[in-house]
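Q: Fold the following.
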Amino acid sequence: MNNNSDQSNESDDFVSGRAEPPSESIVCVDCGGRAHLLAHPPEDGIWQVGEIVAYRCSDCRDRWDIELAPEGE
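A: Residues are numbered from 1 along each chain as shown. The predicted structure is shown next:
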């Protein structure tokens, strides 16, 4: 008999719905420069929780991938 009680249930943590729209730019964690949004908005203009958006720093050229959070968080 297999006891699965010690395994986590990832579906309990799943959140869906509208996300906060990403900022056009963020501060680069590495150099303090400005990292600009590379992604284009969805055709319907609605960003979804869990979508990944990319930023590229104009100073050091590092790339940052950010997961969008639910609205209001």
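Q: Count the residues that sit near the closest residue to Pro21 other than its chain neighbours.
A: Setting aside the residues directly before and after it, Pro21 is nearest to Trp47 in space (CB to CB, 6 or more residues apart in numbering), at 5.3 Å. All C-beta atoms are positioned from the backbone trio N, CA, C, and that covers glycine. Residues lying near Trp47 (other CB atoms under 10 Å) number 18.
Q: For this protein, which segments count as strands?
A: Remark: strands assigned in the chain by DSSP state E are 25-27, 34-37, 52-57, 63-67.
Q: To Gly17, which of those strands lies closest?
A: strand 63-67 (13.9 Å; CB to CB).
Q: which parts of that closest one are buried?
A: Across strand 63-67, burial judged by 16 or more other CB atoms under 10 Å covers 64, 66.
Q: Residues touching stretch 34-46, excluding its own?
A: 18, 21-28, 47-48, 53-59, 62-64 (CB atoms under 8 Å, 6 or more residues apart in numbering).
Q: go with 10 Å
A: Contacting residues not belonging to stretch 34-46 are listed as 17-19, 21-29, 47-48, 51-66, 68 [CB atoms under 10 Å, 6 or more residues apart in numbering].
Q: Let's see the ChimeraX selection covering just the buried ones among these.
A: Filtering these down to the buried ones (16+ other CB under 10 Å) takes a single ChimeraX command:
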select :19,22,26,28,47,53,55,57,64,66,68
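Q: and the strands of the chain as CSV, adding mean pLDDT and distance to Glu73?
A: Putting these into CSV (pLDDT from 0 to 100; distance: least, CB to CB, whole Å) gives the following:
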stretch, mean pLDDT, distance to Glu73
strand 25-27, 97, 16
strand 34-37, 98, 19
strand 52-57, 97, 15
strand 63-67, 96, 11
